[in-house]
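**Student:** Only the shape, not the letters, is given here:
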């Protein structure tokens, strides 16, 4: 399926980036993060379209973080309504069993034939393959407070600071636990969250959620966001994940990572009335090719000093990519678009980016967003309305359970 | 891909149904309507997964009605903010051009290289194939009122009556124009609506919208709704469409049809606590096989008189399938599931069925829903919160435009 030409191009790009020692340029929006994930696995991902490919639940790290991105996401944040540690441990043990079954394309628990009991599995994914389902679990700092585990708080594990221009809404913030379900089928992702929440229903309530999608296309192009720009061109590669993604201090989060989510509302109608030149200067990229302004190819290196024919900086001082690059931090982005009907206040599309990123220390994201929140020209067209920070447990070995390193 | 066994089974089922003279049994919920569409085209639909298959915009009828169902739907209802007939005609002419381009996987209009103008196309579907995109346009009775076209009102073309137990919400009702975009990629469907609305933005506002999805799986099984039951087992076949779907009176709607939409909220949490026996009696089907109660195979004929071993009716008097069958009307169902976060009032899943059906006369649906609204046991678990009736124009021949038969 994949042309040799494509593979060569990708390979040489990787070599190039390595030699050039490029780390940063993490865009906080424009962040579908797909092309990086395609680099190694494009043709595999591409062939899973009937949903037969299965991702392993067990491993050193949780799935859904460095897994090649899927076409659908169902993102759910829960509030704990119990303070009993033993109860919460049992929930995570149940979720461990359920997750393994779900990711294998099985029902959460075999059904008996008792007509007088509710089914064990809600059933909407019967007959469906796993569709590369991944499930990623994390906890907020408030989780530790509620369970009297304050002594487990790591120095960097605290709520995000207020960022410039944040417009956070009550119904897209807060919560103690995150479940990120990603799959190449929307119903498979929903079914997983549905059953996990159901199992814990006596001890959790739903705080907020958002579904998202991503056009994976033929796997050859970086997906575009709803502003029409390619997004996710730059992302750390496999050999950089230990440096930027996985926590490696000797504590309960070793092998885990921090998930940061931002629900970024994008004002499509305003953007659509903006000239192409303005749009390109806002991102700092050409729309069609995805190349940095002043460059030809999407994967050409950024040149912050380059001047255009008028003697001005090709990438303006307030362009999104320049500021992101200048923040000099690297994050693993794994974002999805969303389109959730009509905003009741403005009467315009309630659409945007469910921005999700992973990093070994929240400061990596904080540095970027502090810079972007102040100066980014893109702020004229977007607003961050949702936010969350979650510590994602390390991966689970057979016989272990999710969060075991925290609780024991 | 498709086994001979599958094809034979389907073929013999068609033969069987024809011989048995089965018409009705149109469920107003449980209506993904996919298996019927698979009958003829399963393997084709199945192979379009990279999105290369293109549906023709031109034809005797509009697309998205009898087209084999896609995995995604973006459903948009607009309000007219102009009373100028000439303006509205121009909108439909523009939409005709745009739709043809969109369904071909092209930008809505070629771009120039003027950096001082906004792009013609919003760009988020660049590089993407058509993904079987269909676009279906219709108008509400209010559309004729607003444009002084009351003389075009056909006797059956009037707002739906109030149904028993309706709980319609302001933000899922009303509007003058519908655009139904369906595709095998969520972003392709959204992109189409985005650009069509943008083109008419000075003369329309967005009234309500809903995105939906459907698990097409391997094309061998009838998709399940979010209650875990197979849905869409019975739907009229190609040789029945003239009898049940296409308007054939000599007037502007000849070759068109009526679209009815219902946003059906499904109370998943309540359903999930219900015993399997209760669930099956509510639908009148076995959950696993999809067969009618008392039957073995999903495609076995319904037997309303059959008794179970206790001497009771196998399909209870208030079961969904019995009532739908007794209404003795046939509609073409083409529904999608939706999951739109959390209901702010109940704190439970805001999920359900975006029920869409097509019929040559609204009375076909009205008869069914009057029956179901009163007696259906399923009403304990669902509520209709959105509603709409739209007359969908006949298809467009090259050189014509959408709605021409109405305006000229």
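**Tutor:** It's in. Only a predicted model underlies this, so the values are computations on that prediction, with no experimental measurement involved. Numbers count the residues shown, from 1 in each chain, chains lettered A, B, ... in the order given.
**Student:** Spell out which parts of the stretch 1-150 of chain A neighbour chain B.
**Tutor:** By the criterion of Cβ under 8 Å from any Cβ of the partner chain, the positions of the stretch 1-150 of chain A lying close to chain B are A:46, A:49-51, A:71-72, A:74, A:111, A:114-119, A:121-129. The C-beta positions use only the backbone N, C-alpha and C, and glycine is treated the same way.
**Student:** In chain A, what residue spans correspond to helices?
**Tutor:** A:4-20, A:34-46, A:85-103, A:141-146, A:186-199, A:241-244, A:268-272, A:276-283, A:320-326, A:363-375, A:404-407 (DSSP state H).
**Student:** need these in a markdown table with mean pLDDT, can you?
**Tutor:** Supplementary listing: the helices of chain A in a markdown table, determined by pLDDT from 0 to 100:
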| stretch | mean pLDDT |
| --- | --- |
| helix A:4-20 | 32 |
| helix A:34-46 | 38 |
| helix A:85-103 | 98 |
| helix A:141-146 | 98 |
| helix A:186-199 | 98 |
| helix A:241-244 | 98 |
| helix A:268-272 | 98 |
| helix A:276-283 | 98 |
| helix A:320-326 | 96 |
| helix A:363-375 | 95 |
| helix A:404-407 | 98 |
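**Student:** nearest to residue A:57, of those helices?
**Tutor:** Of all the helices of chain A, it is helix A:85-103 that lies closest to residue A:57, at 4.5 Å by Cβ to Cβ.
**Student:** if we look at the closest one, which residues are touching it?
**Tutor:** A:54-58, A:63, A:80, A:82, A:107-109, A:130, A:133-135, A:137, A:147-149, A:191-192, A:195-196, A:199-200, A:203-204, A:396, A:400-404, A:407 (Cβ atoms under 8 Å, 6 or more residues apart in numbering or on different chains).
**Student:** So what angle separates the directions of it and helix A:186-199?
**Tutor:** Taking axes from the mean of the first three to the mean of the last three Cα atoms, to 10 degrees, helix A:85-103 and helix A:186-199 form an angle of 160 degrees between their directions.
**Student:** what comes up buried for helix A:85-103?
**Tutor:** Taking 16 or more other Cβ atoms under 10 Å in any protein chain shown as the basis for neighbour counts, the residues of helix A:85-103 that come out buried are A:88-89, A:91-96, A:98-103.
**Student:** Then stretch A:396-408?
**Tutor:** Of all the residues in stretch A:396-408, those buried under the rule 16+ other Cβ under 10 Å are A:396, A:401-407.
**Student:** now stretch A:304-324
**Tutor:** Residues of stretch A:304-324 classed as buried by neighbour count (16+ other Cβ under 10 Å): A:304, A:313-316, A:318-324.
**Student:** hmm, it touching chain B?
**Tutor:** No - judged by Cβ under 8 Å from any Cβ, stretch A:304-324 and chain B are separated, with a smallest distance of 11.6 Å.
**Student:** end to end, how far does that stretch reach?
**Tutor:** Across stretch A:304-324, the straight-line distance between its terminal residues is 11 Å, by Cα to Cα, to the nearest Å.
**Student:** now residue A:292, nearest residue through space, not along the chain?
**Tutor:** Nearest residue to residue A:292, sequence neighbours excluded (Cβ to Cβ, 6 or more residues apart in numbering or on different chains): residue A:302, at 4.9 Å.
**Student:** swap that for residue A:300, please
**Tutor:** If the residues on either side of it in the chain are set aside, residue A:300 comes closest to residue A:291, at 5.6 Å by Cβ to Cβ, 6+ apart.
**Student:** wait, isn't that neighbour in contact with residue A:302?
**Tutor:** No - the pair residue A:291 and residue A:302 fails to qualify as a contact (Cβ atoms under 8 Å) at a distance of 9.8 Å.
**Student:** okay, these two: which has more neighbours?
**Tutor:** Counted by other Cβ atoms under 10 Å in any protein chain shown, residue A:291 and residue A:302 do not tie: residue A:302 has more neighbours, with 23 against 18.
**Student:** How about the contacts made by that one?
**Tutor:** When contacts are counted by Cβ under 8 Å, 6+ apart, residue A:302 is found next to A:25, A:292, A:295, A:315, A:321, A:325.
**Student:** what ranges of chain A fall below the confidence cut-off?
**Tutor:** Under the criterion pLDDT under 70, the flagged ranges of chain A are A:1-49.
**Student:** Would you map out the domains in it?
**Tutor:** Chain A breaks down into these domains under automatic domain parsing: A:12-45, A:55-407.
**Student:** For those domains, please prepare TSV with the additional fields distance to residue B:379.
**Tutor:** What follows is those, written out as TSV (distance: least, Cβ to Cβ, whole Å):
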stretch	distance to residue B:379
domain A:12-45	42
domain A:55-407	19
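**Student:** Run a quick neighbour tally on the closest residue to residue A:77 other than its chain neighbours.
**Tutor:** Beyond its immediate neighbours in the sequence, the residue positioned closest to residue A:77 (Cβ to Cβ, 6+ apart) is residue A:175, lying 3.5 Å away. Other residues within reach of residue A:175, judged by other Cβ under 10 Å, total 23.
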